[in-house]
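# got a sequence here, can you model it:
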Amino acid sequence: MHMMDWNAYRNQILAGVGDVAKLSPDTVKGYVQLSNANAKDGHFDAKMRELIALAVAVTLRCDGCITVHTAAAKKAGATTSEIAEALGIAVSVNAGAALVYTTRTLDAFAAAAEQG
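Numbers count the residues shown, from 1 in each chain. A predicted model of the protein is given here:
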């Protein structure tokens, strides 16, 4: 049993983007152009691009991104193990970011203490 119906959700997202395209076609055209530009560079294959997209999607906490890029990763031949490894990197980077912001918070606290 899945936590949610990801296939239905992906269809909702795609329909929603279609609605946005009717209201603001240049916005969606710009997004598509940006997405396609990354595919044309040729340094990464489709599977690697989708694994990176999934790590970023998890970092951004974007369920719509997750469902779209998970389907694309599957289509590009990604395995569960490859997805888990890519997402492990996302977990590590997010933990690192929290650690960096911990140092910033402690610095802000020290500055506040100096002020009185």
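# could you check the pLDDT of Met4?
Looking at Met4, its pLDDT stands at 88.
# swap that for Ala55, please
As predicted, Ala55 sits at a pLDDT of 98.
# tell me the contacts of it?
Taking CB atoms under 8 Å, 6 or more residues apart in numbering as the criterion, Ala55 is in contact with 86-87, 89-90, 93. In this view, the C-beta of every residue, glycine as well, is placed from N, C-alpha and C.
# with Arg61 instead?
With contacts defined as CB under 8 Å, 6+ apart, Arg61 has no neighbours.
# for it, phi and psi?
With angles defined as degrees, to the nearest 10, Arg61 sits at phi 60, psi 50.
# distance to Tyr101 and pLDDT for the contacts of Ala55 - can I get that in TSV?
Putting those into TSV (distance: CB to CB, whole Å; pLDDT from 0 to 100) gives the following:
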residue	distance to Tyr101	pLDDT
Ala86	23	98
Leu87	21	98
Ile89	19	97
Ala90	16	97
Val93	13	96
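# name only those of these that count as buried.
86-87, 90 (16 or more other CB atoms under 10 Å).
# what comes into contact with the lowest-mean-pLDDT helix or strand in the chain?
Across the helices and strands of the chain, mean pLDDT, DSSP states H and E gives its lowest value to helix 25-40, namely a mean of 90. Under the contact criterion CB under 8 Å, 6+ apart, helix 25-40 has outside partners 17, 20-21, 46, 49.
# looking at those residues, which has the most residues close by?
Arg49 (19 neighbours; other CB atoms under 10 Å).
# before we move on, back to that, show me what secondary structure element comes after the least confident helix or strand of the chain.
Next helix or strand after helix 25-40 toward the C-terminus (DSSP states H and E): helix 46-60.
# now the helix or strand following that next one, how far from the centre of its chain.
Per DSSP H and E, helix 46-60 leads on to helix 63-75 as the next helix or strand towards the C-terminus. Taking the mean of its C-alpha atoms, helix 63-75 sits 10 Å from the chain's own mean (CA atoms, centre = their mean, to the nearest Å).
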